[in-house]
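> mind looking at a prediction? Sequence and model below.
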Amino acid sequence: MKAKLELNFYKYQGTGNDFILFDNRSNFFPKEDTSLVAFLCDRRFGIGADGLILLENHESSDFKMVYYNSDGNQSTMCGNGGRCIVAFAKNLNIIDSETNFMAVDGIHHASIEGTIVKLQMIDVSDIQSREKYSFLNTGSPHHVQLVSDLDNLEVQLEGAKIRYGIYGKEGSNVNFVSQLNDDTFSIRTYERGVEGETLSCGTGVTAVALAMFQNQKTKSNQIKVVTKGGELRVNFSSKGSVYTNVQLIGDASLVFKGSISC
Ligand SMILES: N[C@@H](CCC[C@H](N)C(=O)O)C(=O)O
């Protein structure tokens, strides 16, 4: 029989994309236990979240971010999770208002003012544009597709079709987009690893901003993206099809903290 664990956790959200965070600087968390992570993220039997994040020590930056999707598997970069871990690190007094931290896709610079976190994302130079959609990697893989009736779209159904149909086993996150005005887009995202629609996806929001600029839907390099969980901003520099200084900006805050025995 397994010994019971008593785990102290924090729950954060960034535009409604919610995460369980652990301060794992003492390495207490059983990192290979996929079913434990899936259980903690379960909204009926566990705490409930779209993902789980460990804050760990790192030799040459302020901390390291380890990200798991709610299916229990470690995955690629999470933009909203990145903003939440910055707010968490500030709460734990590990950082003040500026930080550099390590994530799966490399070092990220970020700053925090109140509950607004500005997170630098990776540079992007490969946007594949097809007739009906674009595909790019902003730390995680993203399919971006303009649709005519975003509100009534069956995101669960259509997202799964694309995630498995076009991208196979590896999969992709899938973003459906509608243009609201010159520099503002509304999006709904199907997330790989959650296998459903989330209220917001930071790498997805970033992908939409860059793909819309690349496809000349906007001339602005300061884009507003409306998600179901609130508004995010993406600022960037561009030279040809190379995007640098990509900043994801928006709210990230503590929802509650607690302990769970499992
Ligand atoms: N919610 C995230 C994306 C998390 C990773 C994604 N589900 C994947 O596995 O590719 C975000 O805010 O970027």
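Alright, I've got the coordinates. Residues are numbered from 1 along each chain as shown.

> show me this structure divided up by domain.
As assigned by automatic domain parsing, the chain contains the domains 6-120+252-261, 128-248.

> give me the mean pLDDT for the first one.
Per-residue pLDDT over domain 6-120+252-261 has a mean of 98.

> quick revisit: can I get the domains of the chain in TSV with mean neighbour count?
(Each C-beta comes from the backbone N, C-alpha and C, glycine too.) Formatted as TSV, these follow (neighbours: other CB atoms under 10 Å):
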stretch	mean neighbour count
domain 6-120+252-261	19
domain 128-248	19
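
> turn these into TSV, including distance to the ligand.
Shown next, in TSV, are the domains of the chain (distance: least, CB to the nearest ligand atom, whole Å):
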stretch	distance to the ligand
domain 6-120+252-261	3
domain 128-248	3
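
> list the contacts for the nearest residue to residue 124 once chain neighbours are set aside?
Closest residue to residue 124 apart from its sequence neighbours, by CB to CB, 6 or more residues apart in numbering: residue 243 at 4.4 Å. Residue 243 is in contact with 123-125, 210, 213, 236-237, counting by CB atoms under 8 Å, 6 or more residues apart in numbering.

> show me the shaky parts of the stretch 151-262 of the chain.
Within the stretch 151-262 of the chain, no range satisfies pLDDT under 70.

> which stretches in it count as helices?
155-165, 202-214 (DSSP state H, counting those that start in this stretch).

> cool, and the stretch 1-150 of the chain?
Using DSSP H, counting those that start in this stretch, helices in the stretch 1-150 of the chain cover 34-41, 79-91.

> redo the ones you listed as TSV? Include distance to residue 231.
Shown next, in TSV, are these (distance: least, CB to CB, whole Å):
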stretch	distance to residue 231
helix 34-41	25
helix 79-91	13
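
> ok, which of these comes nearest residue 23?
helix 79-91 (7.9 Å; CB to CB).

> quick one: the closest one to helix 202-214, angle?
Taking axes from the mean of the first three to the mean of the last three CA atoms, to 10 degrees, one finds that helix 79-91 is oriented at 130 degrees with respect to helix 202-214.

> could you measure from residue 29 over to residue 156?
Distance of residue 29 to residue 156, computed by CB to CB, to the nearest Å: 31 Å.
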